[in-house]
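1. After the sequence you'll find the predicted model.
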There are 2 protein chains.
Amino acid sequence: MRADGTTPKVNRDSTERVISHVRDLIARGELHPGDRLPAERDLSARLGVSRPTIRAGLRALAAMGVVKPRHGSGTYIPEGPPTLVTEPLRFLAALHGLTREEMYEARRVLEVSAAGLAAERASAEHVAAIAEEVASLFASIGDPVQFLVHDIRFHRAVAAACGNPIIASLVEMVAALYYEQRRETAARATDRNLRDAADLHRGIYLAIRKRDADHAKALMNRHLLHSAAYQAEEERPHPLPAGRRKPARKGRGGRVAPARSRD
Amino acid sequence: MRADGTTPKVNRDSTERVISHVRDLIARGELHPGDRLPAERDLSARLGVSRPTIRAGLRALAAMGVVKPRHGSGTYIPEGPPTLVTEPLRFLAALHGLTREEMYEARRVLEVSAAGLAAERASAEHVAAIAEEVASLFASIGDPVQFLVHDIRFHRAVAAACGNPIIASLVEMVAALYYEQRRETAARATDRNLRDAADLHRGIYLAIRKRDADHAKALMNRHLLHSAAYQAEEERPHPLPAGRRKPARKGRGGRVAPARSRD
DNA sequence: GCGCAAAAGTGGTCAGACCTCAAGGGCCCC
DNA sequence: GGGGCCCTTGAGGTCTGACCACTTTTGCGC
């Protein structure tokens, strides 16, 4: 056994110790975005736990988006703006049968507020970034796929301009689900649709530039409502698979999928 | 094994396969909140991967809050309302040096909107639940710890009453960080503080009951602004540990006034 | 029929080994 | 001398199989 005796009986939750250790490294400022974590084998020796346990902790951190392993290279902390992982939200939606309308509404709440905040305090750089995407939107009329790319970038730019990284990352998280749906129907948009959308985006941009928060919020709200309605129309015969009913079925085991041998 | 050697795609991201398998089980409606997953050893045999790999996948799902292992019993899907894990947000805050003010603001954006929605569509049960917490708040004046409990429940009830589980879970996620800070300073609140707070909560409740969304939002906004200012005052000599690399202090500061007079 | 102890089942951890991949440095060929 | 190839090194990814800790169930004895 280890002779250091630093943690005599605290064998409880070894995996949690790994996570805590990384948390400490971050809290003490020894680990920043872009940095590489110590190798798993090093951590194993350092913390006095086996490598599988280290890996379990790192896997959990990776699932939370705190860390990103690169095969053959090391485990890194992602760079760039703060980002929340969207996977949990996806599972939540599937598990509880959350509807698309609820997603749209959540997105609206966040983005409308973000637009208002952006109008109040967007920096010149942020305003310029938004302007550029508006220009690209107009330039992309006739190319729905490209239009969608700049549409997403526009909303991202607005979220970033709100000056609050937390709100921005929440917007990203919720909007990500939306974009997936969107990609499928994007190609069917007509030039008329795109032109209208571009005009709306421009209106939002102008309101932000004029520091008119109320107007920016109202326009963003209108835009998202319209967009959601359009999406819903496009996917009419497409109800969500899982129902929300209270199941409360507690069968022991045995409810496993039929084989599905290998694929 | 395949002898033809045609790039056994199976080896690609075994852990991801585990997650996908669970996702499929959920999507096909074979797994609901409260259910128990197949045992790790069973999954191992069924998916043709080793148990450590199965564990890696389950650990990732656990980190996302999709699944909750119970030692000696099994791995379960949590019951109750949809919930997002708070841990990622905590790490994000530490990594990027997010400030408490930004947290407060995010919470305000979410809860103000939630209050508005609640006013528009809260069911009778929801209104009753809110009312009960308001009553408990008044009954808890003189007991700061108990007051905090009902304070949290009040906000949770409002979030639930907004009728959108996604927004409700977002509120929970962000507010959870807030509560941790709060617990430390709660005991120092005076009866006068509590009485004022209870009155504010009651005002919010009344606005929701009267379906006055604008008033509910305004009151919630005021309440949270005041609460944040009070918190900031209480923890004055307590800056965040990890500093943001590029300070970029937003020139429009002063959101939290140094209202030292208030106490 | 009841209570308690044993047994079975399940997640948690450990050990060591082997594989694949990414990156650098040294070697060889041009 | 320079550039490209290859091997070494070190990293994460997976496997095997065993043992431990905890929960739940079972069945025995009272």
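-> Received it, and whenever you're ready, just let me know what you need. Numbering: from 1, shown residues only, chains lettered A, B, ... in the order given.

2. In this structure residue A:91 contacts residue B:66, no?
-> Yes. The criterion here is Cβ atoms under 8 Å, and residue A:91 meets it with residue B:66 at 4.4 Å. Where C-beta positions appear, they are placed from N, C-alpha and C, glycine not excepted.

3. Have a look at those two and say which one is more surrounded.
-> Per other Cβ atoms under 10 Å in any protein chain shown, whichever of residue A:91 and residue B:66 has more neighbours is residue B:66, with 25 against 22.

4. pretty sure the more buried one is touching residue A:90, no?
-> No. Using Cβ under 8 Å as the test, residue B:66 is too far from residue A:90 to be in contact (9.4 Å).

5. Give me the common contacts of the two.
-> With contacts defined as Cβ atoms under 8 Å, 6 or more residues apart in numbering or on different chains, no residue is shared by residue B:66 and residue A:90.

6. Helices along chain A, start to end?
-> Counting by DSSP state H, one finds helices in chain A at the ranges A:14-27, A:40-47, A:51-63, A:87-96, A:100-121, A:124-139, A:144-161, A:165-186, A:191-209, A:213-234.

7. Contact partners for residue A:221?
-> By Cβ under 8 Å, 6+ apart, residue A:221 lies in contact with A:108, A:112.

8. and if we set it to 10 Å?
-> A:108-109, A:111-112, A:115-116, A:204 (Cβ atoms under 10 Å, 6 or more residues apart in numbering or on different chains).

9. Can you lay out the residues you listed as a markdown table showing neighbour count, distance to chain B and pLDDT?
-> Converted to a markdown table, the contacts of residue A:221 look like this (neighbours: other Cβ atoms under 10 Å in any protein chain shown; distance: Cβ to the nearest Cβ, whole Å; pLDDT from 0 to 100):
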| residue | neighbour count | distance to chain B | pLDDT |
| --- | --- | --- | --- |
| A:108 | 20 | 9 | 96 |
| A:109 | 27 | 4 | 96 |
| A:111 | 26 | 10 | 97 |
| A:112 | 22 | 8 | 97 |
| A:115 | 30 | 11 | 97 |
| A:116 | 22 | 9 | 97 |
| A:204 | 27 | 17 | 97 |
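
10. quick one: which two of the residues you listed are the most distant?
-> Among the contacts of residue A:221, the pair separated by the greatest distance (Cβ to Cβ) is A:109 and A:204, at 16.1 Å.

11. got JSON lines for the helices of chain A, with distance to residue B:175 too?
-> Converted to JSON lines, the helices of chain A look like this (distance: least, Cβ to Cβ, whole Å):
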{"stretch": "helix A:14-27", "distance to residue B:175": "21"}
{"stretch": "helix A:40-47", "distance to residue B:175": "33"}
{"stretch": "helix A:51-63", "distance to residue B:175": "23"}
{"stretch": "helix A:87-96", "distance to residue B:175": "17"}
{"stretch": "helix A:100-121", "distance to residue B:175": "15"}
{"stretch": "helix A:124-139", "distance to residue B:175": "27"}
{"stretch": "helix A:144-161", "distance to residue B:175": "20"}
{"stretch": "helix A:165-186", "distance to residue B:175": "12"}
{"stretch": "helix A:191-209", "distance to residue B:175": "28"}
{"stretch": "helix A:213-234", "distance to residue B:175": "23"}
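
12. ok, now how distant is residue A:153 from DNA strand C?
-> Look at residue A:153 and DNA strand C: by Cβ to the nearest atom of the strand, to the nearest Å, they are 27 Å apart.

13. Flag the shaky bits of the stretch 1-150 of chain A, pLDDT-wise.
-> A:1-12 (pLDDT under 70).

14. ok, 80 please
-> A:1-13 (pLDDT under 80).

15. hang on, the earlier thing: DNA strand D is nearest to which of the helices of chain A?
-> Within the helices of chain A, the stretch nearest DNA strand D is helix A:40-47; the backing value is 3.6 Å (Cβ to the nearest atom of the strand).

16. and that closest one with helix A:51-63, angle?
-> Angle, helix A:40-47 to helix A:51-63, by axes from the mean of the first three to the mean of the last three Cα atoms, to 10 degrees: 110 degrees.

17. Check the offset of helix A:40-47 from the chain's centre.
-> Chain-centre distance of helix A:40-47: 31 Å, with Cα atoms, centre = their mean, to the nearest Å.

18. Please apply the same query to stretch A:63-70.
-> That offset, for stretch A:63-70, works out to 14 Å (Cα atoms, centre = their mean).

19. start to end distance for it?
-> In stretch A:63-70, first residue to last residue: 14 Å (Cα to Cα, to the nearest Å).

20. Pull out the buried positions in that stretch.
-> A:63-67, A:69 (16 or more other Cβ atoms under 10 Å in any protein chain shown).

21. which ones among the residues you listed are found in strands?
-> Using DSSP state E, the subset of those located in strands is residue A:69.

22. Would you mind listing the two of the buried residues of stretch A:63-70 that lie farthest apart?
-> Within those, A:64 and A:69 form the most distant pair, 13.0 Å apart (Cβ to Cβ).

23. which ones are touching residue A:68?
-> A:37, A:61-62, A:74-79.

24. ugh, wrong one, residue A:153
-> Per Cβ under 10 Å, 6+ apart, neighbours of residue A:153: A:129-130, A:132-133, A:136-137.

25. again, only using 7 Å
-> residue A:133 (Cβ atoms under 7 Å, 6 or more residues apart in numbering or on different chains).
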